[in-house]
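K.L.:
Below is the structure, and that's it, no one-letter string:
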């Protein structure tokens with residue numbers, strides 16, 4: 001009985017010891033996890049990977065190092081932002097085609113169904129009709145009528161000036177051209193037969209029908225076309241030269257002058273070559289960031305303005321240069337290997353592949369990493385006391401850099 005109790009006591013004690021050991025392990029594990037959580041990403045990477053940094057930088061002028069834990073002297077920290085790959089120096093804006101034309105239509109300016117005029121020794125009967133004229137858009141004024149009855153000669157006056165004196169023998173005579181130099185804004189036409197003379201027993205008389213005053217009126221409602229396009233702000237800021245290209249499809253025999261306006265400023269006014277690529281240089285000051293409006297207009301002919309393109313040539317923007325100061329005493333530490341200058345590039349993500357080049361005081365090397373950061377110790381041989389410079393340039397894709405940091409570590 002005593003043996004059984006001792007065995008039971010020993011078993012219970014063993015269980016208690018195992019429970020205590022598990023608790024200790026659990027507590028240690030919790031502390032380790034908590035410690036890893038509060039560590040910087042660089043220190044955590046060193047612990048988890050046995051002190052080695054993947055994708056270490058070991059190019060000319062650099063050697064791979066562990067990520068700084070922030071225990072040194074901060075020499076510089078900069079927000080860099082987006083560094084874009086230098087693309088083409090030319091940007092093209094395709095603009096939809098435009099059709100412009102002027103239509104000339106013959107329009108009735110006045111119409112009278114019939115009139116009767118007579119001239120005899122005992123009576124005189126004349127008739128006047130009035131009409132208004134658009135002196136700007138109307139030309140080729142004509143008077144036409146049919147003759148029901150005719151006897152003798154008839155005189156026709158335009159604004160008091162004799163323009164026709166003849167005996168009409170046809171029922172449908174040719175239209176009478178009204179002299180353009182006599183046309184006014186308000187006009188009158190008077191019909192009066194010739195006097196009969198000594199033959200007092202006779203009379204000259206005319207009965208006319210369908211009397212029409214007409215003119216060729218030019219319709220400019222479709223003579224202008226307007227298109228819009230957008231110029232991004234970054235493109236506008238780097239404009240060097242700009243040109244306009246277009247091909248006008250038109251009939252050279254009927255085409256006239258064409259006017260091109262950009263943002264209400266004249267780009268070109270004159271004749272164009274039909275069916276040929278036309279190029280016109282444009283002052284960059286005519287453009288605006290955002291929406292721009294271009295228009296084509298002509299007062300003569302019909303045009304299809306095709307293959308319209310605005311071509312911008314851009315200045316290539318240099319990547320920014322960042323500077324950090326290395327005082328003489330700190331420089332002495334690096335030259336005697338008692339200190340090291342560490343550069344850290346922190347990116348916005350840890351999934352995409354980042355590649356680029358870094359230039360320190362004129363010495364260039366490249367990097368490639370998929371990590372959240374990239375770090376390297378700067379070779380003391382390329383450093384100098386006082387100001388030092390750093391340039392970063394993307395190589396295959398745009399770089400999105402949250403921070404560029406330089407530190408002196410002991």
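P.N.:
Ah, there it is. Values in this document were obtained by computation on a predicted structure and should not be read as measured data.
K.L.:
Do you have the strands of the stretch 201-350 of the chain handy? List them.
P.N.:
Counting by DSSP state E, counting those that start in this stretch, one finds strands in the stretch 201-350 of the chain at the ranges 204-219, 224-231, 239-250, 258-262, 265-270, 278-282, 290-298, 302-314, 321-326, 340-347.
K.L.:
care to break this protein down by domain?
P.N.:
46-86+317-409, 90-102+221-314, 105-219 (automatic domain parsing).
K.L.:
what's the first-to-last distance across the last one?
P.N.:
Just to be clear, that refers to domain 105-219. 8 Å (CA to CA, to the nearest Å).
K.L.:
follow-up on the earlier one: okay if I get the strands of the stretch 201-350 of the chain as TSV plus mean neighbour count and mean pLDDT?
P.N.:
C-beta here means a position set from N, CA and C on the backbone, and glycine is covered the same way. As requested, the strands of the stretch 201-350 of the chain are exported to TSV (neighbours: other CB atoms under 10 Å; pLDDT from 0 to 100):
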stretch	mean neighbour count	mean pLDDT
strand 204-219	18	95
strand 224-231	15	95
strand 239-250	18	94
strand 258-262	20	96
strand 265-270	13	94
strand 278-282	14	94
strand 290-298	18	96
strand 302-314	18	94
strand 321-326	16	95
strand 340-347	22	95
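K.L.:
Between these, which one is closest to residue 196.
P.N.:
strand 204-219 (5.7 Å; CB to CB).
K.L.:
Adjacent strands (with direction) for the lengthiest strand in the chain?
P.N.:
When the chain is parsed with DSSP state E, its longest strand is strand 103-120. Using DSSP bridges, the strands paired with strand 103-120 are strand 123-125 (antiparallel), strand 204-219 (antiparallel).
K.L.:
could you give the angle of it to strand 302-314?
P.N.:
If you take axes from the mean of the first three to the mean of the last three CA atoms, to 10 degrees, strand 103-120 sits at 140 degrees to strand 302-314.
K.L.:
buried sites along strand 103-120?
P.N.:
109, 115, 117, 118, 119, 120 (16 or more other CB atoms under 10 Å).
K.L.:
same check, this time on stretch 182-200
P.N.:
183, 187, 189, 190, 191, 192, 193, 196.
K.L.:
residues contacting residue 188?
P.N.:
Counting by CB atoms under 8 Å, 6 or more residues apart in numbering, residue 188 touches 128, 129, 130, 131, 158, 159.
K.L.:
which other residues reach stretch 246-258?
P.N.:
Under CB under 8 Å, 6+ apart, the answer for stretch 246-258 is 268-278, 296-309.
K.L.:
Which helix or strand lies directly C-terminal to the least confident helix or strand in the chain by mean pLDDT?
P.N.:
One helix or strand of the chain scores below all others by mean pLDDT, DSSP states H and E: strand 62-63, with a mean of 37. Per DSSP states H and E, the first helix or strand lying C-terminal to strand 62-63 is strand 73-78.
K.L.:
Show me what the next helix or strand after that next one is packed against.
P.N.:
Along the chain past strand 73-78, the next helix or strand (assigned with DSSP H and E) turns out to be strand 81-83. On a contact count with 3 or more CB pairs under 8 Å, 6 or more residues apart in numbering; DSSP states H and E, strand 81-83 meets strand 386-394, strand 399-409.
K.L.:
burial measure for the residue lying closest to residue 177 once chain neighbours are set aside, as a count.
P.N.:
Closest residue to residue 177 apart from its sequence neighbours, by CB to CB, 6 or more residues apart in numbering: residue 142 at 5.9 Å. Neighbourhood size, residue 142 [other CB atoms under 10 Å]: 16.
K.L.:
Pretty sure residue 142 sits against residue 213.
P.N.:
Yes: Residue 142 sits in contact with residue 213 when judged by CB atoms under 8 Å, with a separation of 7.5 Å.
K.L.:
Which neighbours do those two have in common?
P.N.:
Contact with both residue 142 and residue 213 is made by residues residue 178, according to CB under 8 Å, 6+ apart.
K.L.:
Helix or strand: which one has residue 187?
P.N.:
Using DSSP H and E, residue 187 sits in strand 186-193.
K.L.:
Okay, angle between that strand and strand 103-120 too, please.
P.N.:
40 degrees.
K.L.:
Tell me the strands beside strand 186-193, with direction?
P.N.:
Here strand 186-193 is paired, per DSSP bridges, with strand 127-132 (antiparallel), strand 153-158 (antiparallel).
K.L.:
what would those strands look like in a markdown table with mean neighbour count?
P.N.:
Formatted as a markdown table, those follow (neighbours: other CB atoms under 10 Å):
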| stretch | mean neighbour count |
| --- | --- |
| strand 127-132 | 15 |
| strand 153-158 | 19 |
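K.L.:
what does stretch 292-304 rub up against?
P.N.:
Applying CB under 8 Å, 6+ apart, the contact partners of stretch 292-304 are 95, 97-102, 218, 220, 223-231, 244, 248-251, 254-264, 267, 305, 308, 310.
K.L.:
one step back: list just the nearest of the buried residues of stretch 182-200 to residue 410.
P.N.:
Using CB to CB, residue 183 comes nearest to residue 410 of the buried residues of stretch 182-200, at 99.8 Å.
K.L.:
For the closest one, which residues are in contact?
P.N.:
133, 135, 141, 158.
K.L.:
so which of these comes closest to residue 343?
P.N.:
Within these, proximity to residue 343 (CB to CB) peaks at residue 135, which comes in at 78.9 Å.
K.L.:
Nearest residue to the middle of the protein?
P.N.:
The residue lying closest to the centre of the chain (CA atoms, centre = their mean) is residue 230, at 2.4 Å.
K.L.:
Look at residue 392 and report its pLDDT.
P.N.:
On pLDDT, residue 392 comes in at 93.
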